[in-house]
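>>> from the sequence below, what's the structure:
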Amino acid sequence: MLLRYLAYALTVIWLTHALWPQPAHAQQAPTPVSQCQAIAAAAPAASFASFSVPAAVPVASADTGEVTITFVGHSTFLIETPDGVSIATDYNGWFRTPSAPDVVTMNRAHSSHYTLSPDPAIEHVLHGWRDDGTPADHDLVAGDAYIRNVTTDIRSGFEGMIPDANSIFIFEVAGLCIGHLGHLHHELDESHYRQIGRLDVLMVPVDGGLTMGAESMSRVVSRLRSALILPMHRPLTNDFLAMFGDEFDKSFATEPSVKVSLRSLPKRPLIYVLQGV
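Coordinates of the predicted model:
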């Protein structure tokens, strides 16, 4: 009888442990929620991104420090977060940063936008494409930065477009929404804009046709309504600047870096050409 009771008790204990809900720390970590998409959804009629966000929208990480953005070369920027996380965009290994970044993003349109032999010291290497043809899907939290992507298509010689072979990477840090268009080959549709959400800072390729013509690219920039626009990829052309009217300010920096925070964003959209572009 005693042995039967003990066996019954052990069975009850085992079932209780197996079936009872586990503590939160034992469950799979939830997917991060994009603040940039939440703000865009709450304020769809906002004219341009700025530090003024609706009071009803929680911005937990707002105004927590400055982000430093440095133009390194071609389409590579070095993003340094308040907590010291370093991120290099469209990293190809040619343009060196002072030390190995914590995170690098890549796109495969040309070898100037990726490398298949990155520095082993880089902790996170994020490809904007997948070799099996399915869309790349990144949701990475690295220190105080949340990094995600929205895929777009790229041209393939005279054979049309390759689906999902480029990624627009979005970096959410210190309350800012920072977007890098990669090697964008076509205008975006409404589904892209919904996935991207709000962008305060936009890194945009300018080349007059290798990615898109100046007129097409200017329409994308105007639709994204960012406060700070950082050209990249090729030397800036007057054709590109001429596409933007008096509602855009234009300025040429004397340094390759800019420090930006949620509170210091321009109140009028500014096309800011960093030294070296």
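>>> and residue 95, what helix or strand is that in?
Under DSSP states H and E, no helix or strand contains residue 95.
>>> just give the nearest non-adjacent residue to it, would you?
Nearest residue to residue 95 in three dimensions, chain neighbours excluded: residue 73, at 3.7 Å (Cβ to Cβ, 6 or more residues apart in numbering). Backbone N, C-alpha and C define where each C-beta goes, glycine included.
>>> do a quick rundown of the helices in this protein.
Listed from the start of the chain, the chain has helices (DSSP state H) covering 2-19, 35-42, 190-196, 214-224, 238-242.
>>> from what I see, the residue nearest to residue 95 and residue 94 are in contact.
Yes. Shown here, residue 73 and residue 94 form a contact pair, counting by Cβ atoms under 8 Å, at 7.2 Å.
>>> who has more neighbours, those two?
Between residue 73 and residue 94, counting by other Cβ atoms under 10 Å, residue 73 is the more crowded of the two (16 against 12).
>>> just give me the neighbour total for residue 225.
By the criterion of other Cβ under 10 Å, residue 225 has 18 neighbours.
>>> for it, what are phi and psi?
Per-residue torsions, residue 225: phi 60, psi 40 (degrees, to the nearest 10).
>>> my read: it touches residue 269, true?
Yes. Counting by Cβ under 8 Å, residue 225 touches residue 269, with 7.3 Å between them.
>>> could you check how far the most centrally placed residue in the chain is from residue 138?
Geometric centre of the chain, nearest residue: residue 170, 1.4 Å, by Cα atoms, centre = their mean. Per Cβ to Cβ, to the nearest Å, residue 170 is found 10 Å from residue 138.
>>> which neighbours do these two share?
Taking Cβ atoms under 8 Å, 6 or more residues apart in numbering as the contact rule, residue 170 and residue 138 both touch 147-149.
>>> between those residues, which has the most around it?
Counting neighbours by other Cβ under 10 Å, residue 149 leads these with 26 neighbours.
>>> how many neighbours does the residue nearest to it when sequence neighbours are not counted have?
Excluding the flanking residues, the one nearest residue 149 by Cβ to Cβ, 6+ apart is residue 167, at 4.0 Å. Residues lying near residue 167 (other Cβ under 10 Å) number 29.
>>> and the nearest residue to residue 228 once chain neighbours are set aside, what is it in contact with?
In space, and not counting its chain neighbours, residue 228 is closest to residue 201: 4.6 Å by Cβ to Cβ, 6+ apart. Applying Cβ under 8 Å, 6+ apart to residue 201 gives the contacts 69, 176-179, 226-230, 260, 265.
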